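>>> I need the structure of the sequence given here:
(2 chains)
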2 protein chains.
Amino acid sequence: MCFPSSKKVYNYVSVIPPGGFAVRTFGEIKNIAVGTEFPSRAALAASGIHKPTQAGISGSTTAGADSIVVSGGYEDDEDYGDYIIYGGQVTADPNTKRQIADAELDRGNLALVVSYNKGLPVRVTRGLGSTKQRTYRYDGLYQVERWWADRGKSGYRIYCFALRKIDDKPILTPAGELPLPFNQEPERVKSYTTRIVRDTLVSERVKKKHDYTCQACSTRIERLGGAYAEAAHIKPLGRPHNGPDKANNILCLCPNCRVLFDSWAFTIEDDGKLLGAVKGILNEIETHKINRDYLAYHRRLYNEANL
Amino acid sequence: MCFPSSKKVYNYVSVIPPGGFAVRTFGEIKNIAVGTEFPSRAALAASGIHKPTQAGISGSTTAGADSIVVSGGYEDDEDYGDYIIYGGQVTADPNTKRQIADAELDRGNLALVVSYNKGLPVRVTRGLGSTKQRTYRYDGLYQVERWWADRGKSGYRIYCFALRKIDDKPILTPAGELPLPFNQEPERVKSYTTRIVRDTLVSERVKKKHDYTCQACSTRIERLGGAYAEAAHIKPLGRPHNGPDKANNILCLCPNCRVLFDSWAFTIEDDGKLLGAVKGILNEIETHKINRDYLAYHRRLYNEANL
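Sure, this is the predicted structure:
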């Protein structure tokens, strides 16, 4: 079902850097191309790809995980190249390396759940070669598509993370090595994307200010690892609207209200009164004021669509 | 803001084929590669890429739009190659080709809104050359990212559709022609994808059976062009779960309940009782029964995550 935990013991070193706060970069690291190989964990750390020199998960439980090292490498049964099932952090016996207690939703595991909640990109580095002669290859950006808890072969609880490659850069394999089995996941079910929810960098700040509570209907979606809300730009981003990516153009909404707002099913008057499918008053707070010009823009298009 | 409607008069021929029901294929057409050129609309129709010989939008108001022809071609200000702002169907004077009435959310416009609601892929064909010597090039699959209504330059209402290329196949331009200005949309705001909602082919049937009403909380998200719901696989698709893409493994949920269900915030007992963050009883209907094995699988992982 999940990794046999006796085979893989990851990440038993704390992810909190001993020096305290570390600057955490999510996404690409400048000048480090996908496929770059490193002779050691120290070299990998120095590059900025994966700063901890022992922990398999780099991250914090508030900001999320920015990077992992898959020690088992591509020989592993659960590594399909662009799709990885990654066993999380466990407590292991230092001698036998076997899991000796239930894994908890804390440290690296929680950091990866936060990355899932926020949709953050996670850098993946694979360990190559044998334990004695190991090198490390940076293989690009992945996203946590799903997470779950299950029993490992040891009988203890383990956290699992399904990661899918999100950049379009092929992994460069060294000469003589078999290429990674890309897209080898058998018969992926045919599907259509009905909705892609994107978060801009400003969105997180707005959502935090409202404690992830919907400004329209007051719903708060609580889930493990943190609450969930969506950020809706009132005057849309992109052409031809060219609304700004600024807090005064962003609402914190629950997914249901987001669908309605983007589809012109409700809009907002200057005094905060909701008009249309959602009733009530917009919850505006002192530290996050909405620009009335953007409300007027949305109202105009709402009227055009509904008249 | 939107297309100057006096410059572009699209799609004034009905999209309903005169013979009645037509088989409608969404997505790729077998053996027709992106970049294929056709000497005439008749040849384009015969290929199956775009069956109507005059209408710019191929589709139905229930199934959605499967294909459009962008007559203005790539010279148009609002054509950025992989991002197109497409003016919808208008009523035009047959002589002057000028818009003479407000556009309505019907026929081709409604078909494109349905494609937006369902996340269906839309084939895009561009008209090349002059009006006198026009050829047509199939340029691949796009998705309606957003739609809105606005006033055109004529003063009448017009429907607009922002389409983004979703396949990864470059458009092959004929020799001597300038390449299409891919990714020329200025400064797309940096963003992370927090959630991708995919629909499998079976999902639509399940949602229809429940009239798009959430089986957990009874919410029904009504919006223009049709209600919105999401389909959640109880035993997840893909490795290592390998849940089946069958109706008896699928729930019709509102977006809020979907987020909660996928994040182990609630689960369902065999008698339908909801357990966790959502209270109540699952609304199960005679024509759509859930397999209890899949409920047991979800409950087991719910318990592992929450214990």
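>>> let me see the mean pLDDT of stretch A:225-242.
For stretch A:225-242, mean pLDDT is 93.
>>> what is the end-to-end distance of it?
One end of stretch A:225-242 sits 34 Å from the other (CA to CA, to the nearest Å).
>>> list the buried residues in that stretch.
Judged by neighbour count (16 or more other CB atoms under 10 Å in any protein chain shown), stretch A:225-242 contains these buried residues: A:225-239, A:241. Using the backbone N, CA and C atoms, a C-beta is placed for each residue, glycine as well.
>>> now do stretch A:113-130
Of the residues in stretch A:113-130, A:113-128 count as buried by neighbour count, 16+ other CB under 10 Å.
>>> all helices of the stretch 51-200 of chain A, in order?
In the stretch 51-200 of chain A, the segments counted as helices under DSSP state H, counting those that start in this stretch are A:107-118.
>>> which two in the buried residues of stretch A:225-242 are spaced the farthest apart?
A:225 and A:239 (35.4 Å; CB to CB).
>>> can you list the residues of the stretch 201-307 of chain A near chain B?
Counting by CB under 8 Å from any CB of the partner chain, the positions of the stretch 201-307 of chain A adjacent to chain B are A:201, A:219, A:221-225, A:228, A:230, A:236-241, A:245, A:254-256, A:258-260, A:262-265, A:277, A:301, A:304-307.
>>> show the buried residues in the residues you listed.
Judged by 16+ other CB under 10 Å, buried ones among those: A:221, A:223-225, A:228, A:230, A:236-239, A:241, A:245, A:254-256, A:258-260, A:262-265, A:277, A:301, A:304-305.
>>> inside helices: which ones of these?
Mapping those onto helices (DSSP state H) picks out A:255-256, A:258-260, A:262, A:301, A:304-305.
>>> let's have the residues you listed in a markdown table, adding pLDDT.
Shown next, in a markdown table, are those (pLDDT from 0 to 100):
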| residue | pLDDT |
| --- | --- |
| A:255 | 97 |
| A:256 | 98 |
| A:258 | 97 |
| A:259 | 96 |
| A:260 | 97 |
| A:262 | 95 |
| A:301 | 95 |
| A:304 | 92 |
| A:305 | 92 |
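>>> just those residues now: which is nearest residue B:297?
Of those, the one sitting nearest to residue B:297 (CB to CB) turns out to be residue A:255, at 24.5 Å.
>>> so that closest one makes contact with residue B:256?
Yes. Contact status for residue A:255 versus residue B:256: in contact at 5.4 Å, counting by CB atoms under 8 Å.
>>> which neighbours do the two share?
Each of residue A:221 lies in contact with both residue A:255 and residue B:256 under the rule CB atoms under 8 Å, 6 or more residues apart in numbering or on different chains.
>>> and residue A:90, how many neighbours?
Residues lying near residue A:90 (other CB atoms under 10 Å in any protein chain shown) number 28.
>>> ramachandran angles for residue A:206?
Dihedral pair for residue A:206: phi -60, psi -40, per degrees, to the nearest 10.
>>> that one contacts residue A:248, correct?
No. Between residue A:206 and residue A:248 there is no contact under CB under 8 Å: 9.4 Å.
>>> ok, now which ones touch residue A:305?
Counting by CB under 8 Å, 6+ apart, residue A:305 touches A:264, B:105, B:148-149, B:224.
>>> ok, 10 Å please
Residues near residue A:305 by CB atoms under 10 Å, 6 or more residues apart in numbering or on different chains: A:263-265, A:267, B:105, B:113, B:147-150, B:157, B:159, B:223-225.
>>> one more: residue A:156?
When contacts are counted by CB under 10 Å, 6+ apart, residue A:156 touches A:5-6, A:90-91, A:98-103.
>>> of residue A:206 and residue A:248, who's got more company?
Remark: of residue A:206 and residue A:248, residue A:206 carries more neighbours, 21 against 15, as counted by other CB under 10 Å.
>>> for the nearest residue to that one once chain neighbours are set aside, list each beta-bridge partner.
Leaving aside its chain neighbours, residue A:206 sits nearest to residue A:250 (4.7 Å; criterion: CB to CB, 6 or more residues apart in numbering or on different chains). With DSSP bridges as the criterion, residue A:250 is bridged to residue A:233.
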